[in-house]
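Asker: Sequence below, structure please.
(2 chains, ligands or ions: 2)
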Amino acid sequence: MTVLQRESWRESLRSLKVATWLGWQIESNWTDPFLFAVYSLIKPIAGAMILVVMYLVVSGGQTDNPIFPYIYLGNAFYIYVGSVLMGISYAVIEDREHYGVLKYIYVSPIQVYFYLLGRGVARTLTGTIAVIITLVFGVLVFKLPVNFLKMNHALFWPVFLIGLAGLALVGILLAGLTLITARHNYFMGEAVAGALYLLCGAVFPLDVLPKVLQYIGLGLPMTYWLEGVRRAMLGTSVSPVLAPFTHETILIILFSSTLCVGAISLGFYRWCERRAKEKGLIDMQTMY
Amino acid sequence: MSQTLAIKTEHLGRIYQIKRKRGESGPATLVALEDVNLEVRQGELFGLLGPNGAGKTTLIKILTTLLTPTSGRAFVDGIDVVENPQEVRRRINMVSGGESCGYGLLTVEENLWMFTQFYGLDFKTARERIQSMLEVVGLADRAKTKAYHLSTGMKQKMNFARGFLNDPQILFLDEPTLGLDVQTSRILRDFVKRWVRERPGKTILLTTHYMAEADELCDRVAIIDQGRILACDTPANLKRRLQGASIFKLQTTPLDTLEHFKQLPGVSQFAGHRRNGHTELNFILEDENALVKVLDAVQAKGGHLLSLEKREPTLEDVFIHLVGRGLSDEENPT
Ligand SMILES: Nc1ncnc2c1ncn2[C@@H]1O[C@H](COP(=O)(O)OP(=O)(O)OP(=O)(O)O)[C@@H](O)[C@H]1O
Ligand SMILES: [Mg+2]
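Answerer: Ligands and ions are numbered 1, 2, ... in the order given. The predicted model follows:
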């Protein structure tokens, strides 16, 4: 390793560490613990529950239909999509528009990808708590057929972690988009999360989508992430489109599509950064 | 032995694209910098003096890697700011005044601490620097206050302190005292001067539109207007250009029009503006005899002379001489 590489590496670690600390300060610094609980836990859990409850109403409470655990797990893990995407892309808005420090951060020797990833860690943690609560609730109240001890851990952990990494990378892509778009981008994270919701089989199997959208869904790492998580936790799959894939194939596709998304995201962020510098957007304050 | 220049620009230019609403006319571009060639040596406290909109901030943004130039090149410590921004960032810091920034929900100390960690300072050094900078800016007793409880000026002081934390090789100060009270400005100016004197090889580029600040602090000053560098020299040399010229400041009762003073014979430069109830006229005369004509003209306009002063040239006179209008004309329209 050359001296310069070592320096970059140290900068990366520092950026990740400090950004994680900062993200946590911002996330947890609710003067009112009640508000903290509402925003970080109750809101995502409630969001995840809406479709579950709708299903129960429509189906007359059929929790033994295999579609029920499918929907339940999809919605539970989907909490991550919102929290990781928002956690990372929102950092740009906070730093630039709310606190006016983005330019000072950009003038210091940070490694921006690591900085952004660090800013997403806190939300990922609160997201994890929300997901766990949702799952436990599902098992206890709705007899969700998941046994945390006996599930397929060898499949679950690699799928789960690669999926999270993929989400973080999409978060960086969104952060780039935020960097070059002026105001009104508050809910971009949520908008993208909403679109992905339909395309990656979170609520219903891809099979119900029109062919074109199915192909898009099959190109997204999140599809394989959710499928892998379901197979690991439930042991089965209800999606005929994905059924021919073995567990290994799911894992391989997930891994390679995550690599692709990662390359696209990081490249796109660099491109946005260059645009932002050309147009003088790094220190722009659009809100106030 | 040739030393690397702290800052060097070659034909640096920056054009902004301006978004126009439909139906609006006028040019779609704005030239903020044009053919700027600067050389700042290591160890210099270099001033960039110019009125609002001259391009000072634009130049600083380019040098601190926040903005790309549209033409020309810029080097900081010999490193191209466009090609190797990360390497530049390892050596610099920047403070811009007149804005409030900082994470409101962190304390003053935490805000500063965060930045020391971006720069990789060890804990002991970080603590010491934070403490000493807080004392310099007079916020030592506010270390544990959350930033959103600070006044705008206090936030600015916190930001000023931040700029020195990494002991940068080259420091950019963009109107650091803008909006601060007189006493605080004085303290910060003294500190800036001391900081650069006590650390051989450290360089500061300071922008300002206060000529006194430039005159008092800077080893050399570049005068910039409408994106162009008009002159660059030590304050003493710049003023020496006007040696032999007769510089008069007149105060009169309010006058309606000032345009005709420019045309009087013997007047080489003129700038005037209204100030709380009187009119201030600054003349650079070819020789003192022209003063008679000036006084006649005042009388002819129905004005009365309140005071008359012959002055040593200031940087403002240099500016008037170069540009044909005063630095502060915009603030006090005639
Ligand atoms: N992002 C931008 N888009 C378009 N024009 C800009 C932008 N930023 C600056 N300008 C224009 O460029 C010119 C130079 O601006 P700049 O901020 O560099 O001036 P300045 O010397 O720092 O002025 P001041 O003393 O008011 O801070 C001005 O005419 C300004 O309107
Ligand atoms: Mg400025």
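Asker: who touches A:Tyr197 in this structure?
Answerer: A:78, A:81, A:203 (Cβ atoms under 8 Å, 6 or more residues apart in numbering or on different chains). Heads up, the C-betas are built off the backbone N, CA and C, glycines and all.
Asker: cutoff 10 Å now
Answerer: Applying Cβ atoms under 10 Å, 6 or more residues apart in numbering or on different chains to A:Tyr197 gives the contacts A:51, A:74-75, A:78, A:81-82, A:203, A:222.
Asker: Likewise for A:Lys103?
Answerer: So A:Lys103 contacts A:95-96, A:282-285, B:61, B:64, B:66-67, B:94, B:96, B:99, B:101 (Cβ under 10 Å, 6+ apart).
Asker: tell me the least confident of those residues?
Answerer: pLDDT across the contacts of A:Lys103 is at its lowest for A:Gln285, which sits at 69.
Asker: Buried only: go through the contacts of A:Tyr197 for me.
Answerer: Using 16 or more other Cβ atoms under 10 Å in any protein chain shown as the burial test, these include A:51, A:74-75, A:78, A:81-82, A:203, A:222 as buried.
Asker: biggest separation within these, which pair?
Answerer: A:Leu51 and A:Met222 (16.5 Å; Cβ to Cβ).
Asker: From the buried ones among the contacts of A:Tyr197, which shows the smallest pLDDT?
Answerer: Where pLDDT dips furthest among the buried ones among the contacts of A:Tyr197: A:Leu51, at 80.
Asker: State the helix or strand in which that one lies.
Answerer: Here A:Leu51, judged by DSSP states H and E, is contained in helix A:43-59.
Asker: What parts of the stretch 1-150 of chain A come near ligand 1?
Answerer: Residues of the stretch 1-150 of chain A found near ligand 1 (Cβ under 6 Å from any ligand atom): none.
Asker: now do the same end-to-end measure for stretch B:89-108.
Answerer: Across stretch B:89-108, the terminal residues are separated by 23 Å (Cα to Cα, to the nearest Å).
Asker: Would that stretch count as contacting ligand 1?
Answerer: No - contact of stretch B:89-108 with ligand 1 (Cβ under 6 Å from any ligand atom) is absent, the minimum separation being 7.9 Å.
Asker: May I see the buried residues of that stretch?
Answerer: Neighbour counts over stretch B:89-108 (16+ other Cβ under 10 Å) mark B:89-97, B:99-108 as buried.
Asker: hang on, the earlier thing: tell me the one among the buried ones among the contacts of A:Tyr197 nearest to ligand 2.
Answerer: Top of the list for closeness to ligand 2, among the buried ones among the contacts of A:Tyr197 and by Cβ to the ion, is A:Gly82 at 39.3 Å.
Asker: isn't there a helix covering the closest one?
Answerer: Yes - counting by DSSP: H, G, I helix; E, B strand; the rest coil, A:Gly82 is part of a helix.
Asker: residue contacts, residue 66?
Answerer: Using chain A. For A:Pro66, the contacting residues are A:145, A:234, A:236-238, by Cβ under 10 Å, 6+ apart.
Asker: not quite, I wanted chain B
Answerer: Here B:Leu66 is in contact with A:102-104, A:106-107, A:276-277, A:280-283, B:57, B:60, B:81, B:85, B:94 (Cβ under 10 Å, 6+ apart).
Asker: buried subset of these?
Answerer: Using 16+ other Cβ under 10 Å as the burial test, these include A:102-104, A:106-107, A:276-277, A:280-283, B:57, B:60, B:81, B:85, B:94 as buried.
Asker: can you map out the helices along the stretch 51-200 of chain A?
Answerer: Secondary structure of the stretch 51-200 of chain A, counting by DSSP state H, counting those that start in this stretch: helices at A:67-93, A:102-107, A:112-142, A:153-180, A:188-199.
Asker: Nearest to B:Glu316 among those would be which one?
Answerer: B:Glu316 sits nearest to helix A:102-107 of all those, at 30.8 Å, using Cβ to Cβ.
Asker: I'd like the mean pLDDT over the closest one, please.
Answerer: Averaged across helix A:102-107, pLDDT comes to 97.
Asker: just stretch B:245-253 next, same as before
Answerer: Mean pLDDT, stretch B:245-253: 87.
Asker: Restricting to C-alpha, output that stretch in CSV.
Answerer: These are the backbone C-alpha positions of stretch B:245-253, laid out as CSV (Å, rounded to 0.1, in the frame of the first residue of the first chain):
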residue,chain,number,x,y,z
ALA,B,245,-1.8,63.6,-6.5
SER,B,246,-3.8,65.9,-4.3
ILE,B,247,-6.6,64.1,-2.4
PHE,B,248,-9.3,66.0,-0.8
LYS,B,249,-12.3,65.0,1.2
LEU,B,250,-15.1,67.6,1.4
GLN,B,251,-18.3,67.5,3.5
THR,B,252,-21.1,69.7,2.3
THR,B,253,-24.7,70.2,3.0
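Asker: So which bits of that stretch are buried?
Answerer: Neighbour counts over stretch B:245-253 (16+ other Cβ under 10 Å) mark B:245-248, B:250-252 as buried.
Asker: what sits against residue 77?
Answerer: By default, I'm working from chain A. A:48, A:127, A:131, A:134-135, A:160, A:163-164, A:202, A:222, A:225-226, A:229-230, A:233 are the contacts of A:Phe77 under Cβ under 10 Å, 6+ apart.
Asker: Chain B, not that one
Answerer: By Cβ under 10 Å, 6+ apart, the contact list for B:Asp77 reads B:4-8, B:42, B:87-88, B:90-92, B:169-170, B:203.
Asker: of the residues you listed, buried ones?
Answerer: Buried members of the contacts of B:Asp77, counted by 16+ other Cβ under 10 Å: B:5-8, B:42, B:87-88, B:90-92, B:169-170, B:203.
Asker: quick check, nearest of the residues you listed to ligand 1?
Answerer: Taking Cβ to the nearest ligand atom as the measure, ligand 1 lies nearest B:Ile7 of the buried ones among the contacts of B:Asp77, at 16.2 Å.
Asker: Any figure for the gap between the closest residue to the closest one other than its chain neighbours and ligand 2?
Answerer: Using Cβ to Cβ, 6 or more residues apart in numbering or on different chains and skipping residues adjacent in sequence, the residue nearest B:Ile7 is B:Val40, 3.9 Å away. Applying Cβ to the ion, to the nearest Å, the value for B:Val40 to ligand 2 is 18 Å.
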